[in-house]
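Student: Fold the stuff below for me.
(5 chains, ligands or ions: 4)
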Amino acid sequence: MEQTAIEFKNVTKLYGEGETKAVDDISFEIKEGEFITVLGSSGSGKTTTLKMINRLIREDGGHITFFGEDISEMNEVDLRRKIGYVVQQIGLFPHMTVAQNIATVPELLKWDKQEIQARIKELLELVQLDPEVFADRKPKQLSGGQQQRVGVARALAANPKVMLLDEPFGAVDAITRLQLQNELQKIHKELGDKTFVLVTHDINEAFKLGTRVLIMDKGKICQFDTPREIMRNPKTEFVADLIATVKEQEAFWSELK
Amino acid sequence: MEQTAIEFKNVTKLYGEGETKAVDDISFEIKEGEFITVLGSSGSGKTTTLKMINRLIREDGGHITFFGEDISEMNEVDLRRKIGYVVQQIGLFPHMTVAQNIATVPELLKWDKQEIQARIKELLELVQLDPEVFADRKPKQLSGGQQQRVGVARALAANPKVMLLDEPFGAVDAITRLQLQNELQKIHKELGDKTFVLVTHDINEAFKLGTRVLIMDKGKICQFDTPREIMRNPKTEFVADLIATVKEQEAFWSELK
Amino acid sequence: GGNDSSTENTVIRVGSKDFTENLVISEIYALALEDAGYDVERIPNIASSVVHTSITNDEIDLYPEYTGTGLLVVLEMEMETDPQKVYDTIKAEYDEQFDLTWLDYAEANDSAGLVIKTSVAEKYGIETVSDLQEHASELRFASQGEFDQREDGLPGLTKAYGEFNWKSSTVYDNSLKYEVLKNDEADVAPAYTTEGQLTDKEEFTVLVDDKKFWPPYNLAPVIRNEVLKENPDIAEILNNISSTLDTETVTGLNAKVDVDGEEYEAVAKEYFDSIK
Amino acid sequence: MLVNDILQYFQENFSQYLIYVYQHLGLSIQAIGISCLIAIPLGYISHKHRKLSQMITLSSQALRIIPSLAVLFLLISFIGVGRAPALIALVLLGIPPILVNTTVGFLEVPAVMIETGKGLGMTDWELLKRVKIPMAFPFVMTGVKLALVEIISSATLATYIGAGGLGTLIFTGLGLNRMDLLLIGGVSVAMIAFTTSIFLDYIIKRSIN
Amino acid sequence: MIAYWNTYHEKLLTATMQHIELVGMTLTIAILIASGIIMACMHQERVMNGLIYLTSLLYSIPSLALFAILIPLTGLGRTTAIIVLVIYCQYVLLRSFSAGIQEIDPTIIEAAVGMGMTRNQMFRKIQLPLAMSSIIAGIRIAATSTIGIATIAATINAGGLGTVLFDGLRTFSVVKLLWGTVLSMLLCLFVNVILYLLENALRRRFA
Ligand SMILES: Nc1ncnc2c1ncn2[C@@H]1O[C@H](COP(=O)(O)OP(=O)(O)OP(=O)(O)O)[C@@H](O)[C@H]1O
Ligand SMILES: Nc1ncnc2c1ncn2[C@@H]1O[C@H](COP(=O)(O)OP(=O)(O)OP(=O)(O)O)[C@@H](O)[C@H]1O
Ligand SMILES: [Mg+2]
Ligand SMILES: [Mg+2]
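Tutor: Ligands and ions are numbered 1, 2, ... in the order given. Coordinates of the predicted model:
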């Protein structure tokens, strides 16, 4: 049976003196192996939600569980090592080579040297970068798309059960982006049991990648369902508006045919 | 009859010691009043092509004409004052107010004070910003979308015949972007005889806005035609791939219905 | 204060070297000239090494100099120990070579010498420079950079007394040497025999120059001939001052500044008022 | 003439010259070492506490408007003469630039980098060792360079208060109006400052690439 | 300390005036030279950066050493002092002037060129106003360090507050040392206040 990977129960996050509710009493459940996309406009609370999963941000109310265990009772370093994390600005360490970046977590875990080397090679191949060419480059010698691939490889290095991705393709051009989306989808399928949670404000991306899409607005969840279900039954006005723009775009393309 | 606004004849641009051909022997013609979009992935030579039109970059081979006149024989300051220019990072002058930014070129041209005031008001209304509210603000007091609108207004100030726009919506979020695209299209239609050349790597944007789309890859022109024609007869493999991803996306959406 | 109504509106530029005694004496000269109705411009604190160049370049008109310095440093002539002979020699040479006049010299003799901590002197029984040379390897020397290089410093001393193999030798600014000795960071230092601190005999002892190495350093004004010709009464004014200055007096003046911490201008004024 | 004087000086006093160089370098290196030991940890601590870092910036700015000559001289009145006060004065002059740059260096480590490090499961110590220190290093070194330049410079003045070094040659040269000594002293100190500067620039450049 | 002031304020004021003259002349000359260099090399970034590196090396040379090297050429006194101080200022001024200009977002420059501004117009309307605060900051630093280094110029007979400090050392007088220190600090603060007012005035004019 499918296991619950992540669960939010009435989670709230306040900022300032409690004036801003970045995340407002949300509850949802993510199963192992799902590819969840979180969609919403700027400031809707997507990043806050994501970072509460690996405890980069602490919730102010409610409970979050990770494979059944309450994360507030786990050692946070251990928790994070079980979670891969990729951010928009990529966050590759500029003073390390590609190989050293990827090796970061395995080294923290004190893997054997040869094992680490093998893993680096395997991962670079997975993200379609030739290890011979790229292993010893510094991040700034890579294009945006290549950096993003290394970021994904690094996050995958220690075989985490869950991958968190915060607008991972925000910094690359639209055409490369389409390519990276396809690759990521392929990786998710190949790896089978990994749970992906990806934040984006691109509707196409959210609906294309997500097995389920979590739509947020002003700190609340508008709808959390499969793309098909959302298209058919938008639950709030906000979701309906979103769907409308997509339809407009679609109409435009079919007109061109 | 339609006049030729811009023509490239076998234009080449080299970088470094000639190793990089940023633009490789391209020729094309743009008529007055067209809305041309230039589409291509990062590094394909779009910006280089655009900047050669207002001589921010000099060609290394070939000829460029502006309304029949070879631009290498024109005074470059005069040429630029006939061309509006908007860049992705917007480039508003941070030490000037919105009104002063818009007034820049009219002042260089020594327009009469009252004329300038009237023009500022007219333009702010055109880009849907209330002059009362925005004229005296500094750029940093505006949101990204508002800044972008001011950038367009500033470029239009002296009634240029041609507008060059380099990824004008690169810095704003996806939802605001749709809005700005619609506004820009409206402005182009209202102004009638102005020629727009807009660089983008977003396929949706390129096909939605362009009366014709110029697709570039590795410094060469892959295809230059109406969106409809490109969709029907992609000329190169690169274009075919692009169209395929669009079709895939479209198929995906209609499948959801 | 200036004397603007004076018919003779010549301004006399009085220079001085950059240490206490020279500052005090030159200030006394200046006060005396002002008292006689001259306008005076003071140009104090000229590095010792360039003061002679200043006067030959017409940047100052007069300053207090030492006969020994004129002989050894400026004229680079042979050593001579008789004060009058030294004076006669340099007076003639200066007049001929530089168009400068040495006015009468004072009895005050600010000779170079070596100072030792009294306690150390007693411990080793050192009274003369010869004694010192024998014990040099047990003693720490607080030098000033110049002393190690000057002909009337260590090099000359070595020729006269033999090698000084100091236990250690460190360079300090001249003004710090008594502090250094007091703080027991050194035992011996070069000294000028009129320095104010030397009045404290319990602390410091000046060694006897038993081989008569150092020439006399009598204090006297050096003045440009041109200025003297135009204002011949200056000679008398300054000679009157010099006649009052003996070694003890000058040492006392120095002590007021360097030991009691008074300002040199104040000390000069007080002294001038007392002899006027 | 001057060339002959200089050659002659070297022939007669070469070992003395080497002692001056040794003293100058020794004093400077010792001072920079102590400055680093004090300022780098302090800089690290102060980057974590806003108040402290403001105070430090403010007081080091205040210190900057005191001429280093005055610092050196004033110190004798309180701790006397010799090598120790010279060392203290030089350390005092060396601390502010290192402190300020270390603080800035750690503050400038981009938040994304820290967040990423944490997100990857680094402990505080691992984060410091693998991310913060390497990324702050060029800044710290820039501070060290500024401090060293200041120290080498002021070590020349420290001769006044009995610290030895190449300043001795310059003072003696000034006192005796001896151009050869002035040039030997001046050029030697200049060369030392020059090479140190170039060497540290090289280290900083290398750590960036 | 007060008593000392009451008796000798004239002497202290003379030293201060000399110091102001020294610093004032230095800054005036240095700013003129730096502006000239910037105008001439503004568009050759390579040359500019090379010059800045060169001056940074000169800046690392202790002032006393530079004095020593220059004395055989230009002698003791104010001329030498001013030459050395001007050399030091060049690094600070060039670096801040050029940083001010080079740090301007290149898209802003591009936008200005794209709008058809001539070099001259761009300099006046865009580069100068945007670089202003950096330029003033540079002048402030240059002034502060010149006031400090100028005290050392007393060793070569250039006068100024250094004479008070050396006098204090010579006579072992804390009062004099303190007065020398305090006066140079006051001078620093005074210059800073003036530059602050200047900056505000300029900012109001340009913005
Ligand atoms: N550290 C913070 N302090 C105060 N307010 C914050 C902080 N971080 C986020 N916020 C606020 O919380 C709300 C949610 O922010 P969050 O970063 O989660 O949005 P987001 O959906 O990720 O937006 P974006 O698409 O711009 O990244 C916003 O209103 C934001 O201004
Ligand atoms: N100043 C330059 N010096 C050297 N190479 C350059 C320079 N400017 C551009 N290039 C190179 O020329 C090629 C084309 O660049 P261009 O900026 O025209 O691409 P683009 O299509 O606008 O890309 P993007 O979408 O990233 O803006 C690229 O390979 C780029 O690296
Ligand atoms: Mg976010
Ligand atoms: Mg581009």
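
Student: which SS class is the closest residue to residue E:84 other than its chain neighbours?
Tutor: Counting by C-beta to C-beta, 6 or more residues apart in numbering or on different chains, the nearest residue to residue E:84 once its immediate chain neighbours are dropped is residue E:66, at 4.6 Å. No exception for glycine: its C-beta is placed from N, CA and C like everyone else's. Judged by DSSP: H, G, I helix; E, B strand; the rest coil, the three-state class of residue E:66 is helix.

Student: Residue E:66 and residue E:83: what is the separation?
Tutor: According to C-beta to C-beta, to the nearest Å, residue E:66 stands 8 Å off from residue E:83.

Student: And the two? Which one has more around it.
Tutor: Each of residue E:66 and residue E:83 has its neighbours counted (other C-beta atoms under 10 Å in any protein chain shown); residue E:66 has more, 26 against 16.

Student: what ranges of chain A fall below the confidence cut-off?
Tutor: Counting by pLDDT under 70, chain A has low-confidence residues at A:1, A:89, A:257.

Student: what about residue 163, how many neighbours?
Tutor: Looking at chain A here, since you left the chain open. If we define neighbours as other C-beta under 10 Å, then residue A:163 has 23 of them.

Student: if you could check chain D rather than the one you did, that'd help
Tutor: Residues lying near residue D:163 (other C-beta under 10 Å) number 31.

Student: Doesn't it belong to a helix?
Tutor: No: note on residue D:163: no helix contains this position according to three-state DSSP, which reports coil.

Student: For ligand 1, see how far away it is.
Tutor: Residue D:163 is 51 Å from ligand 1, where distance means C-beta to the nearest ligand atom, to the nearest Å.

Student: Over to residue A:248?
Tutor: Using C-beta to the nearest ligand atom, residue A:248 is found at 22 Å from ligand 1.

Student: Spatially central residue for chain C, please.
Tutor: residue C:110 (5.1 Å; C-alpha atoms, centre = their mean).

Student: Nearest residue to it in space, ignoring adjacent ones along the chain?
Tutor: Take residue C:110 and drop its neighbours on the chain: the residue closest to it by C-beta to C-beta, 6+ apart is residue C:194, 4.3 Å away.

Student: Distance check, the one you found against residue C:25.
Tutor: 10 Å.

Student: The residue in chain E that chain C sits nearest to: neighbouring residues, count only.
Tutor: Among all residues of chain E, residue E:170 sits closest to chain C, at 4.0 Å; criterion: C-beta to the nearest C-beta. By the criterion of other C-beta under 10 Å, residue E:170 has 20 neighbours.

Student: can you check residue C:101 too?
Tutor: The tally of other residues near residue C:101 (other C-beta under 10 Å) stands at 20.

Student: Would you agree residue A:34 is in contact with residue A:5?
Tutor: Yes: when contacts are counted by C-beta atoms under 8 Å, residue A:34 is listed as touching residue A:5 (7.4 Å).

Student: and whichever helix or strand residue D:53 is part of, what's its mean pLDDT?
Tutor: Secondary structure assignment for residue D:53, by DSSP states H and E: helix D:50-64. Model confidence over helix D:50-64, given as mean pLDDT, is 83.

Student: could you point out the longest helix in chain E?
Tutor: Looking across chain E with DSSP state H, the single longest helix is helix E:2-41.

Student: Now look at it and say if it contacts chain D.
Tutor: No: on the criterion C-beta under 8 Å from any C-beta of the partner chain, helix E:2-41 is out of touch with chain D, staying 10.3 Å away.

Student: mind listing what's buried in the next helix or strand after that helix?
Tutor: On the C-terminal side of helix E:2-41, the nearest following helix or strand under DSSP H and E is helix E:45-60. Within helix E:45-60, the residues that qualify as buried by neighbour count (16 or more other C-beta atoms under 10 Å in any protein chain shown) are E:48, E:51-52, E:55-60.

Student: List, out of those residues, those positioned next to ligand 2.
Tutor: Within the set of these, contact with ligand 2 (C-beta under 6 Å from any ligand atom) is found for no member.

Student: quick check, nearest of the residues you listed to chain D?
Tutor: Minimum separation from chain D among the buried residues of helix E:45-60 (C-beta to the nearest C-beta) is found for residue E:60, which lies at 4.1 Å.

Student: roughly how far apart are the closest one and ligand 1?
Tutor: Counting by C-beta to the nearest ligand atom, the separation of residue E:60 from ligand 1 is 42 Å.

Student: Quick one: name the residues of the stretch 51-200 of chain A near chain B.
Tutor: Taking C-beta under 8 Å from any C-beta as the criterion, the neighbours of chain B within the stretch 51-200 of chain A are A:143-145, A:172-176, A:178.

Student: let's go with 7 Å and repeat that
Tutor: Proximity of the stretch 51-200 of chain A to chain B is assessed by C-beta under 7 Å from any C-beta of the partner chain, with A:143-144, A:173-176, A:178 identified as the residues in range.

Student: Assign residue 121 to helix, strand or coil.
Tutor: You didn't pick a chain, so chain A it is. For residue A:121, the secondary structure call by three-state DSSP comes out as helix.

Student: For it, which non-adjacent residue is spatially closest?
Tutor: For residue A:121, the nearest residue in space outside its immediate sequence neighbours is residue A:131; the separation is 4.8 Å by C-beta to C-beta, 6+ apart.

Student: okay but the one you found is in contact with residue A:124, surely?
Tutor: Yes: with contacts defined as C-beta atoms under 7 Å, residue A:131 counts as touching residue A:124 at a distance of 4.4 Å.

Student: Mind checking which of the two has more residues around it?
Tutor: Of the pair residue A:131 and residue A:124, residue A:124 is the one with more neighbours under other C-beta under 10 Å, namely 22 against 17.

Student: When residue C:194 and residue C:25 are compared, which one has more neighbours?
Tutor: Of the pair residue C:194 and residue C:25, residue C:25 is the one with more neighbours under other C-beta under 10 Å, namely 30 against 27.

Student: OK, contacts around the most centrally placed residue in chain A?
Tutor: Central residue of chain A (C-alpha atoms, centre = their mean): residue A:165, 2.1 Å from the mean position. Under the criterion of C-beta atoms under 7 Å, 6 or more residues apart in numbering or on different chains, the contact list for residue A:165 reads A:86, A:196-199.

Student: Okay, and which of the residues you listed map to strands?
Tutor: Secondary structure assignment by DSSP state E places A:86, A:196-199 of the contacts of residue A:165 in strands.

Student: Would you pull up the residue in the stretch 1-150 of chain A closest to chain C?
Tutor: Nearest residue of the stretch 1-150 of chain A to chain C: residue A:95, at 45.9 Å (C-beta to the nearest C-beta).

Student: Around chain D, pick out the residues from chain A.
Tutor: For chain A, the residues in contact with chain D under the definition C-beta under 7 Å from any C-beta are A:54, A:56, A:77, A:80-81, A:85, A:87, A:89, A:91, A:93, A:95, A:104-105, A:108.

Student: Excluding sequence neighbours, find me the nearest residue to the closest residue to ligand 1 within the stretch 101-250 of chain C.
Tutor: Taking C-beta to the nearest ligand atom as the measure, the point where the stretch 101-250 of chain C comes nearest ligand 1 is residue C:173, at 57.7 Å. For residue C:173, ignoring the flanking residues on the chain, the nearest one in space by C-beta to C-beta, 6+ apart is residue D:160 at 4.3 Å.

Student: residues near the one you found, how many?
Tutor: Burial measure for residue D:160: 25 neighbouring residues, criterion other C-beta under 10 Å.
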